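S.K.: A structural model of the following input is requested.
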Amino acid sequence: MQREQFKSRLGFLLLSAGCAIGLENVWRFPYMVGQNGGAFFVLFYLMFLVIVGLPILSMELAVGRASRKSIIREFETLEQPGGKWHWYSPFGMLGNYMLMFFYTVVAGWLVNYFVQYLTGGLTGLDTAGVQAAYRTMLADPATMVFWMLVVVAAGFAVCAGGLQKGVERVSKWMMVALLALILVLAVRSLTLPGGGEGLAFYLMPNLENLNKVGLANCLAAAMDQSFFTLSLGIGAIAIFGSYMKRDRSLLGESVGIAVLDTFVAITAGLIIFPACFAYDVAPDSGPNLLFVTLPNVFNNMAGGRLWGALFFLFMSFAALTTVVAVFENILACCMDKWGWSRKKAVWINLVIVAVCSVPCALGFNVWSSFQPLGANTGVMDLESLIASTILLSVGSLIYLLFCTRRSGWGFDNYLAEANTGKGLKMPRALRFYLTWVLPVLIVALLAMSLWNNFQFLFV
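M.R.: Purely as a prediction, here's the structure:
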């Protein structure tokens with residue numbers, strides 16, 4: 001059966017960026033900045049995006065385009081006879097599922113907030129009222145499960161339409177609308193009284209803030225975010241490589257994806273941090289930044305109900321583009337592995353993802369006593385650790401080694417595929433760095449990240 005292809009290059013760029021752009025930019029990036037030293041974290045994150053993220057992004061795309069398969073089959077298609085690289089494939093597929101088991105829950109929060117603004121449920125609340133509304137949502141298992149199911153159903157409904165008519169067509173207009181609206185909101189936030197202090201926290205490196213969290217912790221968190229924001233290591237990017245034409249070089253396309261992704265992440269911070277300081281919300285207050293800070297901004301703006309509804313609508317779109325992209329990878333894995341029709345893959349996986357996302361939804365209420373990583377942690381923290389810190393990092397290392405070792409695909413094969421077509425080329429001079437330096441860097445920072453998550457066992 002002929003592999004589907006993107007209708008246009010713009011569709012590829014927006015959908016691939018859409019896979020990267022989402023909760024990790026608008027929700028996770030700002031609170032990671034707040035919890036990890038402010039501007040120094042931003043600098044380290046940008047550094048890792050260039051020296052780690054871009055090369056591995058190009059490698060995922062190269063493996064996908066050369067194999068024309070999903071992660072469940074791509075390694076066995078390209079590896080040397082008798083190779084064992086495909087042993088990682090089930091873990092990569094698991095990473096997609098694990099990511100969605102908590103991602104769909106948080107995406108449901110965004111859809112819920114859109115409806116709340118549309119119906120006036122959040123307008124007129126003071127800071128305490130906004131915080132109470134957030135806590136009430138988390139404490140209600142029926143609400144949490146319902147909105148998660150809405151997201152799961154919507155994501156698979158888009159994928160059921162196929163690559164061009166479903167995934168590409170829907171994602172393009174959602175992404176364009178998001179990019180336009182986030183600029184307007186950033187301008188509004190930057191003009192808030194008292195917002196300058198938040199801007200300084202975000203963009204002015206401060207050694208005192210860095211010392212509070214520690215250099216090693218900040219570095220590990222920044223690398224973790226660089227993997228998470230690009231959805232590297234689980235084939236979510238490689239699948240779009242398998243749908244690409246061969247007229248553009250892959251480093252150039254990787255730069256385009258990373259620039260769009262970084263633009264949204266940085267701009268999200270320009271919305272969040274001035275608002276934090278303007279409305280006296282702690283910048284290190286964690287995941288609730290998006291759901292506590294921004295409603296305060298909207299409730300003090302002229303036409304805030306409209307702005308709030310539009311913002312959370314398009315944040316929902318940002319989340320859904322990632323959901324759709326990862327769902328597409330899951331479906332492609334099932335179709336490649338077992339020869340299922342798209343329709344059969346949609347129905348089976350809809351049930352799997354819906355059922356397996358329930359524990360995360362209940363982890364904030366019914367199962368809140370389950371604290372697997374220490375005090376104040378829950379199901380989502382455990383799933384995020386497995387998907388983001390472990391599988392994405394290990395998967396990125398697997399792609400890197402596969403593309404640079406002779407026992408894998410080999411550097412020459414990777415370079416030939418990456419440099420096919422017009423655009424920015426991967427320099428052969430980087431071979432030593434990619435083959436020997438980058439793997440050591442990833443292993444060292446992964447070890448630090450694991451220590452940060454499990455040190456509570458030794459205290």
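
S.K.: Contact partners for Ile330?
M.R.: Shown in contact with Ile330 (C-beta atoms under 8 Å, 6 or more residues apart in numbering): 93, 96-97, 100, 345, 349, 353. C-betas here are computed from N, CA, C, even on glycine.

S.K.: redo that, cut-off 6 Å
M.R.: Contact partners of Ile330, counting by C-beta atoms under 6 Å, 6 or more residues apart in numbering, are 96, 349.

S.K.: Where does the prediction get shaky in the stretch 251-400 of the chain?
M.R.: Residues of the stretch 251-400 of the chain meeting the criterion pLDDT under 70: 281-289.

S.K.: And the pLDDT at Met1?
M.R.: We have a pLDDT of 49 for Met1.

S.K.: Ok, the one 10 residues further on next?
M.R.: According to the model's per-residue confidence, Gly11 sits at a pLDDT of 57.

S.K.: gap between the helix or strand containing Val105 and the chain center?
M.R.: Using DSSP states H and E, Val105 sits within helix 89-119. With C-alpha atoms, centre = their mean, to the nearest Å as the basis, helix 89-119 stands 11 Å off its chain's centre.

S.K.: buried ones in it?
M.R.: 89, 91-93, 95-118 (16 or more other C-beta atoms under 10 Å).

S.K.: Report all helices and strands that it contacts.
M.R.: In terms of contacts (3 or more C-beta pairs under 6 Å, 6 or more residues apart in numbering; DSSP states H and E), helix 89-119 is packed against helix 71-78, helix 141-160, helix 304-338, helix 342-362, helix 379-384.

S.K.: Make a markdown table out of these and add distance to Phe411.
M.R.: Output for the helices and strands packed on helix 89-119, formatted as a markdown table (distance: least, C-beta to C-beta, whole Å):
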| stretch | distance to Phe411 |
| --- | --- |
| helix 71-78 | 13 |
| helix 141-160 | 34 |
| helix 304-338 | 25 |
| helix 342-362 | 34 |
| helix 379-384 | 33 |
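
S.K.: out of the ones you listed, nearest to Gly241?
M.R.: helix 71-78 (8.9 Å; C-beta to C-beta).

S.K.: Send me the helix or strand following the helix holding Val105 as CSV with only the CA atoms.
M.R.: Going down the chain from helix 89-119, the next helix or strand is helix 127-139, by DSSP H and E. C-alpha atoms of helix 127-139 as CSV (Å, rounded to 0.1, in the frame of the first residue of the first chain):
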residue,chain,number,x,y,z
THR,A,127,-7.7,36.0,42.6
ALA,A,128,-9.0,33.8,45.4
GLY,A,129,-12.1,32.9,43.4
VAL,A,130,-10.0,31.9,40.4
GLN,A,131,-7.8,29.7,42.6
ALA,A,132,-10.9,28.1,44.1
ALA,A,133,-12.4,27.4,40.7
TYR,A,134,-9.2,25.5,39.7
ARG,A,135,-9.2,23.5,42.9
THR,A,136,-12.9,22.6,42.4
MET,A,137,-12.3,21.3,38.9
LEU,A,138,-9.4,19.1,40.1
ALA,A,139,-11.5,17.7,43.0
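
S.K.: what distance separates helix 127-139 from the centre of its chain?
M.R.: Distance, stretch centre to chain centre, for helix 127-139: 25 Å (C-alpha atoms, centre = their mean).

S.K.: Repeat that for stretch 233-252.
M.R.: In terms of C-alpha atoms, centre = their mean, the centre of stretch 233-252 is set 17 Å apart from its chain centre.

S.K.: buried stuff in that stretch?
M.R.: Applying 16+ other C-beta under 10 Å to stretch 233-252 flags 233-244, 248-252 as buried.

S.K.: Mind checking which of these are in helices?
M.R.: Of those, the ones assigned to helices by DSSP state H are 238-242, 250-252.

S.K.: Would you mind giving the residues you listed as a markdown table with distance to Ser396 added?
M.R.: Listed next are those as a markdown table, based on distance: C-beta to C-beta, whole Å:
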| residue | distance to Ser396 |
| --- | --- |
| Ala238 | 11 |
| Ile239 | 16 |
| Phe240 | 16 |
| Gly241 | 15 |
| Ser242 | 18 |
| Leu250 | 16 |
| Leu251 | 16 |
| Gly252 | 20 |
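
S.K.: Skipping its backbone neighbours, what lies nearest Asn217 in space?
M.R.: Among residues not flanking Asn217 along the chain, Asn452 sits closest, at 5.7 Å (C-beta to C-beta, 6 or more residues apart in numbering).

S.K.: what's around the one you found, how many residues?
M.R.: By the criterion of other C-beta atoms under 10 Å, Asn452 has 17 neighbours.

S.K.: Now it: which helix or strand?
M.R.: With DSSP H and E as the criterion, Asn452 is inside helix 438-454.

S.K.: What is that helix packed up against?
M.R.: Partner elements for helix 438-454 (3+ C-beta pairs under 6 Å, 6+ apart): helix 215-230.

S.K.: helices or strands up against the helix it packs on?
M.R.: By 3+ C-beta pairs under 6 Å, 6+ apart, helix 215-230 packs against helix 39-48, helix 438-454.

S.K.: Single out the most deeply packed of these.
M.R.: Across those, averaging neighbours per residue (mean count of other C-beta atoms under 10 Å) puts helix 39-48 on top, at a mean of 21.

S.K.: Now that one: average pLDDT?
M.R.: Averaged across helix 39-48, the pLDDT comes to 91.

S.K.: Which helix or strand lies directly C-terminal to that helix?
M.R.: Helix 39-48 is succeeded, C-terminally, by helix 54-67 (DSSP H and E).

S.K.: and that next one, C-alpha only, in CSV?
M.R.: The C-alpha coordinates for helix 54-67 follow below in CSV (Å, rounded to 0.1, in the frame of the first residue of the first chain):
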residue,chain,number,x,y,z
LEU,A,54,18.0,20.0,16.4
PRO,A,55,20.4,17.1,15.5
ILE,A,56,18.1,14.4,17.0
LEU,A,57,15.1,16.0,15.4
SER,A,58,16.8,15.7,12.0
MET,A,59,17.7,12.1,12.8
GLU,A,60,14.1,11.2,13.7
LEU,A,61,12.9,12.8,10.4
ALA,A,62,15.6,11.0,8.5
VAL,A,63,14.8,7.5,9.9
GLY,A,64,11.1,8.1,9.2
ARG,A,65,11.6,9.4,5.7
ALA,A,66,14.1,6.6,4.7
SER,A,67,12.0,3.8,6.2
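
S.K.: Which strands or helices does it pack on?
M.R.: Packing partners of helix 54-67 (3+ C-beta pairs under 6 Å, 6+ apart): helix 71-78, helix 238-242, helix 250-278, helix 393-404, helix 411-418.

S.K.: Ok, which of these comes nearest Thr377?
M.R.: Each of these has some distance to Thr377 by C-beta to C-beta; the shortest is helix 393-404, at 19.2 Å.

S.K.: Pull the distance from that closest one to the chain's centre.
M.R.: Chain-centre distance of helix 393-404: 18 Å, with C-alpha atoms, centre = their mean.

S.K.: and that helix, what does it pack onto?
M.R.: Using 3+ C-beta pairs under 6 Å, 6+ apart: helix 393-404 touches helix 54-67.
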